[in-house]
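Trainee: Provided below for reference: sequence and predicted model.
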Amino acid sequence: MSADSPATRAQERPLRGLGALLGPQGPLVAGAALASTLAAALALVPFFVVARMATSIYATPPDLDAVRALALLAAGALALRYILVAAANMLAHVAAFRILHDLRVRLAKKLGAVPLSFFSRRGAGELKKTLMDDVNQLEAFVAHHFPDAVTALVVPLATAISLLWIDWRMALASLVMAPLAVMAMAVAMREVGKAHQQWNALQSRMNRSLLEYLRGIHVIKTFGLSARRFSDLSSSIEEGLSWMEGFMRTNGRGYGAFGALIGSSLVVLVPMGGWLYTRGTLSLESLVLFLVLGPQLLMSMMRLMFAWGNADRIQAGNARIQAILAAPDLETPTSAARPSHDGVAFRGVSFRYEDGGPEVLRDVSFEAPAGKVTALVGPSGAGKTTLVRLVPRLWEATNGAVELGGVDVRALPLDQLLSHLSMVFQDVFLFHGTVRENLRLARPDATDAQVDAACRAARAYDFIQALPGKYDTLLGERGARLSGGEKQRLSIARALLKDAPVLLLDEATAFADPENEARIQEALSALCAGRTVLVVAHRLSTIATADHIVVLDGGRVNDQGTHDELLARCALYQQLWRSHTEALDWSLGDPGTPDVQKEVV
Ligand SMILES: Nc1ncnc2c1ncn2[C@@H]1O[C@H](COP(=O)(O)OP(=O)(O)OP(=O)(O)O)[C@@H](O)[C@H]1O
């Protein structure tokens, strides 16, 4: 993080950062703070009442009318206090939920607007921690800690002033432990900021390992591993425990000393009050008042300490939230540049995933003509998938340009660019929702007839009809109830429904059964018809029938042309073709001549 990053700036100006957070809800929060301060002040009334009662009870004769009136006053003060506490709670919670709502909407918008590289730079664990834990923590801050902090500051101050006014000697005696308690607090708080940073880093790691553990649970179970043996998760949990022990060891003494000192003002107040009373320079009422209220004065400092500790933690969380909100959006022009055709072109494109990282694509140039199928082939890791993902700007070319219809994709408004593209990738993601909702993502206004037609063409209609709720069947997280082939066909139906002129296709490398494979081939044929197709090709049928083939190797274009041309002149293509056909022979158990038709079962 740079020295001038938003997170660093927010760390340096904690109160301004939190003040900005309250924003238009400031008056509500101020109202909550005022109500809870008044409520805290009313909680002190019974102490004054008890002191005044002592003189009425010990008067000769005892003034019982005054005692009754005082008891009523105390009861009235407590009743009013409960009303104010309820009002403070309500105001603070309304403000907190409004702030949180606003923040969540802004964060959701921001995550939709940032480039994909933003996510690869931050781990999923770190993002989850900020989006969930840090945001929830802000709710606690606005709803509870902020009004508490104001109360913790105002009430002891007001109490100290009124006690000083009643009897300055006893007031000073009440405060005599304060400097020592403050010193103990300072010792306890000294390392807290740094410790919180370590704790946050540990929590991010724990989150990341837990997410990874849950995502990979099938693999982990296959290998008979347990959570304990999933080393990153177990080591981060162990580190969390030892961090907690270390924190308690180093800070426990300071907290302990603070608690002891703050509760011990009676050690001074009792002898001093007794001495002044017997000398006749302190009234009975004042003596009782100091004995009951004196210890409270320092106790309320304890709340201040907790409020301070929380502010530090919440401030760090707020800084992380602000850093996300300050991340630059994917630049998208608003001007009305329009593609003049549906062809895609790569012009001298180079790309690296990270600054200073290896170049994954180098000076790639070729054209995928409108209405034709262009196949990308090459060894594993050649950069085929990466290249396709540059078209919808999932990643940005480091050098050179990707064009759609003669216009640099960066010069097209993002919604216009995406409206030209359909994508079918190997890793099909289905959201938690119904089949219909997942299909309509592509086109929210699609009619039922259009959905039906797309599903029939994608060979998905029959299996959807066989589901218990048909189109209304809920798909579990990541579409767990569908087979890989069914998910593929659903994503093809989604692409058909979108009906965009350019199709980006990353063919799946393998399917379990030939029947599924045949249906997917039919579905893809329906999808490809009449469109510009850029396909990462793994099947002989796709490769051999493509209009244009680009051979990639080590991020560079090794050669390009038709199947026959490449077979005649390109050594790498010949080698790839041989291994494809050998694999096909092997899988069919037929050592005869390679035959493309064999693959299309
Ligand atoms: N998110 C990423 N961050 C960093 N490097 C990546 C990322 N994704 C891919 N790479 C690297 O980029 C290179 C090209 O990967 P890519 O997936 O584009 O190759 P491919 O030709 O599609 O391979 P395959 O046929 O095996 O899918 C590889 O070296 C890979 O390790």
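Mentor: Done, it's in.
Trainee: Please make it C-alpha for all contacts and neighbour counts, starting now.
Mentor: OK.
Trainee: who touches stretch 31-40?
Mentor: Outside stretch 31-40, the residues that touch it by Cα atoms under 8 Å, 6 or more residues apart in numbering are 80-82, 84-85, 87-92, 146-148, 150-151, 154-155.
Trainee: Can you pick out the ones from these that are in helices?
Mentor: Applying DSSP state H to the contacts of stretch 31-40, the entries found in helices are 80-82, 84-85, 87-92, 146-148, 150-151, 154-155.
Trainee: which residues does the residue nearest to V373 when sequence neighbours are not counted bridge with?
Mentor: Among residues not flanking V373 along the chain, V533 sits closest, at 4.6 Å (Cα to Cα, 6 or more residues apart in numbering). Beta-bridge pairing for V533 (DSSP bridges): V373, L503.
Trainee: Distance check, V533 against the ligand.
Mentor: 16 Å (Cα to the nearest ligand atom, to the nearest Å).
Trainee: Could you list the low-pLDDT ranges of the stretch 151-300 of the chain?
Mentor: Applying pLDDT under 70 to the stretch 151-300 of the chain flags the ranges 189-193, 218-231.
Trainee: which residues in it form strands?
Mentor: Taking DSSP state E, counting those that start in this stretch, the stretch 151-300 of the chain contains no strands at all.
Trainee: what does the average pLDDT come to for stretch 399-414?
Mentor: Mean pLDDT, stretch 399-414: 90.
Trainee: Next, the distance between the ends of stretch 467-481.
Mentor: For stretch 467-481, the separation between the terminal residues is 10 Å (Cα to Cα, to the nearest Å).
Trainee: can I assume T386 sits in a helix?
Mentor: Yes. Counting by DSSP: H, G, I helix; E, B strand; the rest coil, T386 is found in a helix.
Trainee: Distance of the closest residue to A124 other than its chain neighbours relative to the ligand?
Mentor: Spatial nearest neighbour of A124, chain neighbours left out: R208 (6.0 Å); criterion: Cα to Cα, 6+ apart. Distance of R208 to the ligand, given as Cα to the nearest ligand atom: 16 Å.
Trainee: To what extent is R208 buried, counted in neighbours?
Mentor: Residues contacting R208 under the criterion other Cα atoms under 10 Å number 22.
Trainee: follow-up on the earlier one: what subset of the contacts of stretch 31-40 is buried?
Mentor: 80-82, 84-85, 87-89, 91-92, 146-148, 150-151, 154-155 (16 or more other Cα atoms under 10 Å).
Trainee: near the ligand, from those residues?
Mentor: Among the buried ones among the contacts of stretch 31-40, no residue is within reach of the ligand (Cα under 6 Å from any ligand atom).
Trainee: how about N89, what does it touch?
Mentor: So N89 contacts 32, 143-144 (Cα under 8 Å, 6+ apart).
Trainee: can you pick the most crowded of those residues?
Mentor: A32 (31 neighbours).
Trainee: pLDDT value on the closest residue to Q450 other than its chain neighbours, please?
Mentor: Leaving aside its sequence neighbours, Q450 sits nearest to L497 (Cα to Cα, 6+ apart; 7.1 Å). Looking at L497, its pLDDT is 86.
Trainee: What is the helix or strand that contains L497 packed up against?
Mentor: L497 belongs to helix 484-498 when assigned by DSSP states H and E. The contact analysis (3 or more Cα pairs under 8 Å, 6 or more residues apart in numbering; DSSP states H and E) places helix 484-498 against strand 421-424, helix 435-440, helix 448-457, helix 514-528.
Trainee: what about 6 Å?
Mentor: helix 448-457 (3 or more Cα pairs under 6 Å, 6 or more residues apart in numbering; DSSP states H and E).
Trainee: Let me know the distance separating the residue nearest to Q450 from the ligand.
Mentor: Counting by Cα to the nearest ligand atom, the gap from L497 to the ligand is 26 Å.
Trainee: how about the closest residue to the ligand within the stretch 201-350 of the chain, what does it touch?
Mentor: The ligand sits closest to S350 of the stretch 201-350 of the chain, with a gap of 12.0 Å, by Cα to the nearest ligand atom. Residues in contact with S350, defined by Cα atoms under 6 Å, 6 or more residues apart in numbering, are 361-363, 398-399.
Trainee: Please look at the residue nearest to V373 and A375 and confirm they touch.
Mentor: No. Counting by Cα atoms under 6 Å, V533 stays clear of A375, with 8.0 Å between them.
Trainee: Write out the residues of the chain neighbouring the ligand.
Mentor: When proximity is defined by Cα under 6 Å from any ligand atom, the chain lies next to the ligand at 353, 360, 380-386.
Trainee: 5 Å instead?
Mentor: Contacts of the chain with the ligand, taken as Cα under 5 Å from any ligand atom, map to 380-386.
Trainee: lowest confidence element among the helices and strands of the protein?
Mentor: Here the helix or strand of the chain ranked lowest by mean pLDDT, DSSP states H and E is helix 596-599, holding a mean of 36.
Trainee: Please consider this matter closed, and thank you.
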